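Participant: heads up, no residue letters with this:
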């Protein structure tokens with residue numbers, strides 16, 4: 001079947017955008033965007049390629065994120081394996097990486113809480129050589145975490161641990177970093193159906209008010225930090241004042257918020 005015919009029919013359905021479709025075409029056929037625009041009228045797919053592409057288009061039409069269909073997502077110029085057990089990396093989280101890299105070096109001991117696909121832990125290991133304990137409570141998500149650790153060849157630096165928020169053993173970390181679930185029940189109901197219907201609720205919902213898990217992390221973090229250790233947290237769009245209050249009440253100082261590209265306080269750093 002001609003590739004151009006499949007492409008045009010998918011776009012005419014009104015529920016598929018061109019950029020996602022081109023990503024799928026590249027994944028299945030190896031044809032780049034440039035090759036597609038230059039030669040699409042002359043490209044004929046095999047029966048297997050046609051079936052795979054049509055099946056993927058059906059998933060796109062069902063609002064499934066393209067990253068789950070391809071099984072991968074680029075983040076911070078690196079490729080990571082993803083599936084429905086982990087959140088798809090978002091541009092906002094690049095801010096937490098930037099801050100973490102400024103605060104770390106190859107002597108830094110880091111604890112990541114709620115590692116998911118492992119993007120934060122793995123980038124800290126690859127870019128600065130830090131040693132990281134990566135906590136993940138979901139059995140399926142930790143499988144993806146381990147696959148990404150192997151993919152990026154950081155098994156000597158990143159240790160995956162199955163636990164709920166904190167490890168059982170006591171460690172003294174220089175930095176605790178987390179992108180925890182922080183949506184309230186109301187926020188989750190109103191979020192994009194692409195996110196709400198396909199991404200894991202356990203990684204999105206922070207509790208009825210949204211900050212319950214953040215509160216647990218802030219309360220216990222001092223037990224696991226060295227003196228002057230740092231806590232770095234990605235937070236919700238409306239949680240700045242509440243998070244600041246929680247940090248102060250739990251003995252943290254030098255509290256600093258960092259805004260995302262929309263001017264919203266998205267990451268906080270505080271010192272024990």
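Facilitator: In hand now; what should we look at? Not measured: the values here are computed from a predicted model.
Participant: and the strands in the stretch 101-250 of the chain, which stretches?
Facilitator: Assigned strands in the stretch 101-250 of the chain, in chain order: 109-113, 131-136, 158-162, 173-178, 225-234 (criterion: DSSP state E, counting those that start in this stretch).
Participant: could those go into JSON lines alongside mean neighbour count, distance to residue 121 and mean pLDDT?
Facilitator: Just so you know, the C-beta spots here come from the backbone N, C-alpha and C atoms, and that holds for glycine as well. Formatted as JSON lines, these follow (neighbours: other C-beta atoms under 10 Å; distance: least, C-beta to C-beta, whole Å; pLDDT from 0 to 100):
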{"stretch": "strand 109-113", "mean neighbour count": "25", "distance to residue 121": "5", "mean pLDDT": "97"}
{"stretch": "strand 131-136", "mean neighbour count": "25", "distance to residue 121": "4", "mean pLDDT": "97"}
{"stretch": "strand 158-162", "mean neighbour count": "19", "distance to residue 121": "5", "mean pLDDT": "97"}
{"stretch": "strand 173-178", "mean neighbour count": "24", "distance to residue 121": "8", "mean pLDDT": "98"}
{"stretch": "strand 225-234", "mean neighbour count": "19", "distance to residue 121": "13", "mean pLDDT": "97"}
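Participant: and of these, who's closest to residue 35?
Facilitator: In this view, the strands of the stretch 101-250 of the chain are compared for proximity to residue 35 by C-beta to C-beta, and strand 158-162 is the closest at 36.3 Å.
Participant: quick revisit: Throw the strands of the stretch 101-250 of the chain into a markdown table and include distance to residue 269, thanks.
Facilitator: Shown next, in a markdown table, are the strands of the stretch 101-250 of the chain (distance: least, C-beta to C-beta, whole Å):
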| stretch | distance to residue 269 |
| --- | --- |
| strand 109-113 | 13 |
| strand 131-136 | 17 |
| strand 158-162 | 22 |
| strand 173-178 | 9 |
| strand 225-234 | 5 |
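Participant: how close does the closest residue in space to residue 54 that isn't next to it in sequence get to residue 12?
Facilitator: In this structure, residue 54 finds its nearest non-sequential neighbour in residue 6, 7.0 Å apart by C-beta to C-beta, 6 or more residues apart in numbering. Distance, residue 6 to residue 12, by C-beta to C-beta, to the nearest Å: 11 Å.
Participant: neighbour-wise, which of those two wins?
Facilitator: Neighbour tally, residue 6 and residue 12, criterion other C-beta atoms under 10 Å: the higher count belongs to residue 6, 20 against 8.
Participant: what strand or helix carries that one?
Facilitator: Residue 6 is located in helix 3-12, with elements delineated by DSSP states H and E.
Participant: what residues sit buried inside that helix?
Facilitator: Of the residues in helix 3-12, those buried under the neighbour-count criterion (16 or more other C-beta atoms under 10 Å) are 3, 6, 7, 10.
Participant: want to throw these into a markdown table with pLDDT?
Facilitator: Putting these into a markdown table (pLDDT from 0 to 100) gives the following:
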| residue | pLDDT |
| --- | --- |
| 3 | 90 |
| 6 | 92 |
| 7 | 90 |
| 10 | 90 |
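Participant: still on that earlier bit, ok, now which ones touch the residue nearest to residue 54?
Facilitator: If you count contacts by C-beta atoms under 8 Å, 6 or more residues apart in numbering, residue 6 has them with 45, 50, 53, 54, 57.
Participant: and for residue 2?
Facilitator: When contacts are counted by C-beta under 8 Å, 6+ apart, residue 2 touches 41, 43, 44, 45.
Participant: will you turn those residues into JSON lines that also has neighbour count, secondary structure and distance to residue 124?
Facilitator: Below are the contacts of residue 2 laid out as JSON lines (neighbours: other C-beta atoms under 10 Å; DSSP: H, G, I helix; E, B strand; the rest coil; distance: C-beta to C-beta, whole Å):
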{"residue": "41", "neighbour count": "9", "secondary structure": "helix", "distance to residue 124": "46"}
{"residue": "43", "neighbour count": "19", "secondary structure": "coil", "distance to residue 124": "42"}
{"residue": "44", "neighbour count": "11", "secondary structure": "strand", "distance to residue 124": "46"}
{"residue": "45", "neighbour count": "20", "secondary structure": "coil", "distance to residue 124": "41"}
